[in-house]
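Participant: One predicted model, sequence on top.
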Amino acid sequence: MRKRYAKEIDARSTELLEKFDLFSAPVDVKAFAACLGAKVIFDDLDEDVSGFLLKEKKVATIAVNQRHHPNRQRFTIAHECGHLHLHADRGDHLWVDKHTTVFYRNAGSSSGDQRAEIEANQFAAGLLMPEKLLLAHITDEVNEADILRLSLRFQVSEQAMMLRLASLDVVEMT
């Protein structure tokens, strides 16, 4: 069963996709970031850094590791958009996404803000794989070939697709 916060965050990402006229697969995450007022740059970051969001003086910059797979880059942009939209009230901040573990940092904190990271991941999943759009591409019981087909269509990894489908109770994780 999906948690209430997940449904709320999914609804927010879908609402924005529709508002920005970007509700189609694959979602144009760079255009989405621009609609939120963020500039996306690709840079040569350390291998363990997927990207980061720097919000300073009302200017938002999303940096993405140019050496990472395009699907990973898309998720990183979507994740940082999640921080920008969901956590904008925190003022100037730096969010750094390190590989599979995401860290939240600012001048006053060196510890992780796990809830903000979970929310940003949920926003990214809802943004890249909107429930309504995803379910429209499913006609029968989902098998491995369907997961591959859907991951290619939505330009996400097979793992991300499997996790999203499991979170929507479409498949069971084994």
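Facilitator: Structure received.

Participant: could you pull out the helices for the protein?
Facilitator: Applying DSSP state H to the chain gives helices spanning 4-19, 29-35, 70-86, 114-128, 131-136, 144-154, 158-167.

Participant: And the ones you listed: which comes nearest residue 47?
Facilitator: helix 70-86 (11.7 Å; CB to CB). Glycine gets a C-beta too; all of them are placed from N, C-alpha and C.

Participant: quick one: buried residues of that closest one?
Facilitator: 71-86 (16 or more other CB atoms under 10 Å).

Participant: now stretch 15-27
Facilitator: Buried residues in stretch 15-27 (16+ other CB under 10 Å): 16, 17, 22, 25, 27.

Participant: can you name the two of those residues that are farthest apart?
Facilitator: Once CB to CB is applied, the buried residues of stretch 15-27 give 16 and 25 as the farthest pair, at 15.7 Å.

Participant: Pick the most deeply packed of the helices of the chain.
Facilitator: Of all the helices of the chain, helix 70-86 has the most neighbours on average by mean count of other CB atoms under 10 Å, namely a mean of 23.

Participant: what about that one, distance to the chain center?
Facilitator: Once both centres are worked out by CA atoms, centre = their mean, to the nearest Å, helix 70-86 turns out to sit 4 Å from its chain's centre.

Participant: Now do that helix against helix 144-154, angle only.
Facilitator: Counting by axes from the mean of the first three to the mean of the last three CA atoms, to 10 degrees, helix 70-86 lies at 60 degrees to helix 144-154.

Participant: Tell me what angle helix 70-86 forms with helix 114-128.
Facilitator: Using the same axes, to 10 degrees, the inter-axis angle of helix 70-86 relative to helix 114-128 is 120 degrees.

Participant: show me where pLDDT drops low in this structure?
Facilitator: The model of the chain has pLDDT under 70 over residues 1-2, 90-93, 95, 98-113, 174.

Participant: Give me the residue at the spatial middle of it.
Facilitator: Centroid-nearest residue in the chain: residue 124, 1.9 Å away (criterion: CA atoms, centre = their mean).

Participant: does residue 70 really touch residue 156, like I thought?
Facilitator: No - look at residue 70 against residue 156 with CB atoms under 8 Å: they stay out of range, at 10.1 Å.
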